[in-house]
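Participant: What shape does this take:
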Amino acid sequence: MTAPLPHPTSASSAPLGKEDLAAEISAQLSTQLRRVRLRGFRHPAPPAPTLVAVAHGSRDPRALPTVRALLDRVRALRPGLPIRLGHIELNRPLLADTLAELHGAAVLVPLLFGRGHHVTHDLPAALAAAPQLTGRIAEPLGPHTLLAEALHGRLLEAGFPGDRSPRTAVVLAAAGSRAPRSAQDTERTAHLLSARLGGTPVVPAYASAAAPTVADAVRALTARGHDRIAVAGCFTAPGRFAAQCAAAAPGPAAAPLGDHPALARLVLHRYDQALLACDQAPLARTGSDPESARAATVAV
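Facilitator: Purely as a prediction, here's the structure:
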């Protein structure tokens, strides 16, 4: 039996601007704070915590070069920031090995798009198993308007029409999780992408662990009269789930987000958010719930 399809999102449910402005404010604050000198005395700035980008990992040989290209773009945006890579599984370096080589402070930035099991359980466990580190876990990359910008860009590159039409619709594909908060994050991202597309319907679908599937979502949209349907994927790099979802697309299938400039900016924004949270509470060796990082986001 086909699972019910979530109602398509509309622009009216997703106001834009707040998160983008917060990203700009946090980036500018980070830059300005590095320049502060008190009453003419120069105080050596403490080393910045290492940004540890946490990728899932994939057997697809294109995955590792794609993630490395993203981190190269992040380094170009923030020269001098120590950046390391760790994988949850399937690729080296594994996260545990990366953390074992570090000392001092670190911020783990998941290259994942919702609050699923990896973010809420695996990452805190990995940080707790590195007693020589103090650290914090940043929020996942979704939902955020910068993520919607990257998804929009990849859709246009795949040939999705730039003009709105009653015939067009988008399926937003994600890996899927049994965690309810992960589905909520995907639904919020769908709202933001719909707004970015001027109100074009965007419905979430999943490669595993949740419903509907991409194929089910496409069938339901077709039954509603949409015959120009594209698939956008919340995937950082090529892999089994990304290929599975793209194969179900009846029209354009967007490439993984990879080193899209907006995604690189979002990685740094999540890092900066975590540092703002650290200003309010000391770094904890056992990490922190992503909800606490959200509470520290600059209010605008």
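Participant: What is the end-to-end distance of stretch 112-127?
Facilitator: From its first residue to its last, stretch 112-127 covers 17 Å (CA to CA, to the nearest Å).
Participant: do the same with stretch 98-116
Facilitator: End-to-end distance for stretch 98-116: 22 Å, by CA to CA.
Participant: One more: stretch 90-97?
Facilitator: Stretch 90-97 has an end-to-end distance of 13 Å (criterion: CA to CA).
Participant: ok, now which ones touch Pro252?
Facilitator: Leu155, Ala158, Gly159, Phe160, Ala230, Val231 (CB atoms under 8 Å, 6 or more residues apart in numbering). (Each C-beta comes from the backbone N, C-alpha and C, glycine too.)
Participant: Secondary structure, distance to Arg167 and neighbour count added to those, as CSV?
Facilitator: Putting those into CSV (DSSP: H, G, I helix; E, B strand; the rest coil; distance: CB to CB, whole Å; neighbours: other CB atoms under 10 Å) gives the following:
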residue, secondary structure, distance to Arg167, neighbour count
Leu155, helix, 15, 25
Ala158, coil, 17, 17
Gly159, coil, 15, 11
Phe160, coil, 12, 22
Ala230, strand, 12, 23
Val231, strand, 16, 25
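Participant: pLDDT wise, what is Ala237 at?
Facilitator: The per-residue pLDDT reported for Ala237 equals 97.
Participant: Now do the strands in the chain.
Facilitator: Here the chain has its strands, by DSSP state E, at 50-55, 83-87, 104-110, 133-137, 168-174, 202-206, 228-233.
Participant: Does anything pack onto the last one? Which helices or strands?
Facilitator: Read it as strand 228-233. Under the contact criterion of 3 or more CB pairs under 8 Å, 6 or more residues apart in numbering; DSSP states H and E, strand 228-233 touches helix 145-157, strand 168-174, helix 214-223, helix 240-247.
Participant: try the first one
Facilitator: Counting contacts by 3+ CB pairs under 8 Å, 6+ apart, strand 50-55 is packed against helix 63-77, strand 83-87, helix 95-100, strand 104-110, helix 261-280.
Participant: try 10 Å
Facilitator: Judged by 3 or more CB pairs under 10 Å, 6 or more residues apart in numbering; DSSP states H and E, strand 50-55 is in contact with helix 63-77, strand 83-87, helix 95-100, strand 104-110, helix 123-128, strand 133-137, helix 261-280.
Participant: number of nearby residues for Leu112?
Facilitator: 26 (other CB atoms under 10 Å).
Participant: Apologies, that question was intended for Ala211.
Facilitator: 16.
Participant: and what of Arg178?
Facilitator: 11.
Participant: now swap in Ala223 and tell me
Facilitator: Residues lying near Ala223 (other CB under 10 Å) number 9.
Participant: Can you give me the neighbour number for Arg167?
Facilitator: Arg167 has 11 nearby residues by other CB under 10 Å.
Participant: so it makes contact with Ala230?
Facilitator: No. Assessed by CB atoms under 10 Å, Arg167 is found out of contact with Ala230, at 11.6 Å.
Participant: how about the helices and strands packed on strand 228-233 in JSON lines, adding mean pLDDT and distance to Ala274?
Facilitator: Shown next, in JSON lines, are those (pLDDT from 0 to 100; distance: least, CB to CB, whole Å):
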{"stretch": "helix 145-157", "mean pLDDT": "98", "distance to Ala274": "16"}
{"stretch": "strand 168-174", "mean pLDDT": "98", "distance to Ala274": "23"}
{"stretch": "helix 214-223", "mean pLDDT": "97", "distance to Ala274": "32"}
{"stretch": "helix 240-247", "mean pLDDT": "97", "distance to Ala274": "27"}
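Participant: what's the closest of the ones you listed to Leu266?
Facilitator: helix 145-157 (4.0 Å; CB to CB).
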